[in-house]
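# A structural model of the following input is requested.
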Amino acid sequence: MSEPHSARHSKAGDKHPPAGGRSLFERLVDFLSPGPDSKDELLQALASAEQRELIEPESRMMLEGVLRMADLTAGDVMVAAPRMDMLDIDAPYDELLWVVIDTGHSRFPVYEDQRDNVIGILLAKDLLKLQRAPELNLRTLLRPAVFVPESKRLNELLRDFRSNRNHLALVVDEFGSTAGLITIEDVLEEIVGEIEDEFDEKDGESGIYTLADGTHRVAGDTEISAVNEAFGVVLPSDTFDTIGGLVAHELGRVPRRGEAVDLDVLRFTVMLTRGGAVRWFRVARLAGDEPAPARQP
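So this is what the prediction gives:
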């Protein structure tokens with residue numbers, strides 16, 4: 001006895017179930033309209049996916065960061081050598097401790113005789129061992145320094161950081177001289193954007209702080225009017241609202257960490273950058289100008 005027609009149809013359909021529940025028409029459209037074949041098209045596809053709520057905005061930003069990172073090198077992101085915070089192997093303990101506290105870094109290149117002669121990396125926490133045991137030799141606390149060329153791709157560098165468990169690398173130019181340094185945080189922020197840390201401002205707090213040495217720490221998004229009031233200066237506020245925008249305009253680009261710009265009687269030195277913007281400046285009055293009291297948090 002032959003099977004009913006409906007049963008034969010059901011078995012035939014079981015052999016070719018719709019892929020992912022999509023119709024034949026949808027699969028045909030996919031075949032006739034292949035995926036993006038350039039980075040620009042891929043970025044447009046990611047934007048479209050976000051608009052259609054297929055991915056979250058944060059996911060899109062991270063994916064775009066991965067694509068951008070593939071085109072960047074260590075030389076694009078590094079802190080230039082003249083602006084590196086370094087320690088002298090022959091400096092007294094108190095001087096080393098002051099530099100560590102003042103800069104707030106967790107790792108420091110250590111040099112001997114001249115800054116270009118880096119002999120190792122010192123972890124700030126290891127410096128405390130000298131306080132407990134002054135007889136220790138600072139050289140015994142140094143970690144090996146890792147050197148990478150300026151042309152090193154960030155995606156390759158991130159892979160090296162992960163495999164070698166290093167967090168900092170020194171960047172050398174084509175002549176073998178130290179060109180700068182780069183950290184794993186610098187690389188990751190090209191993907192995930194800003195990483196919050198102890199420098200980040202909490203809601204409701206002032207963006208201007210007085211430091212122990214008499215200079216000041218000013219958030220990049222602080223309004224120019226607040227800077228004018230705090231330091232008794234008259235910086236233009238008709239074109240830009242924030243001090244970060246004004247400094248970037250004066251320089252012609254977003255400044256890198258360690259770069260400085262003089263405005264009026266103030267020198268703005270970049271302490272921290274995040275996501276293509278300055279997060280914190282160190283502000284000091286130019287030599288010969290009498291200091292004025294700054295607004296306290």
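# please name the nearest non-neighbouring residue to the residue nearest the centre of the chain.
By CA atoms, centre = their mean, the chain has its centre lying nearest to D186, at 3.7 Å. Of all residues not flanking D186 in the chain, V77 sits nearest, at 5.0 Å (CB to CB, 6 or more residues apart in numbering). Yep, even glycine has a C-beta here, placed from its N, CA and C like the rest.
# so the one you found touches L188, yeah?
No - the pair V77 / L188 is not scored as a contact, 10.8 Å apart, by CB atoms under 8 Å.
# so what touches stretch 245-256?
With contact meaning CB atoms under 8 Å, 6 or more residues apart in numbering, stretch 245-256 is reached by 79-80, 83, 220, 224, 235-236, 239-240, 259, 261, 263, 268, 270, 273, 276-278, 281.
# give me the distance from it to the chain's centre.
17 Å (CA atoms, centre = their mean, to the nearest Å).
# now name the helix or strand holding N228.
If you go by DSSP states H and E, N228 is part of helix 224-231.
# circling back to that earlier point, out of the contacts of stretch 245-256, which end up buried?
79-80, 83, 220, 224, 235, 240, 259, 261, 263, 268, 270, 273, 278, 281 (16 or more other CB atoms under 10 Å).
# tell me the domain ranges of this protein?
37-71, 75-192, 208-285 (automatic domain parsing).
# want to throw these into TSV with mean pLDDT?
Listed next are these as TSV, based on pLDDT from 0 to 100:
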stretch	mean pLDDT
domain 37-71	73
domain 75-192	87
domain 208-285	85
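# of the ones you listed, which stretch is the most buried?
Across the domains of the chain, averaging neighbours per residue (mean count of other CB atoms under 10 Å) puts domain 208-285 on top, at a mean of 18.
# before we move on, back to that, against E156, how distant is the residue nearest to the centre of the chain?
14 Å (CB to CB, to the nearest Å).
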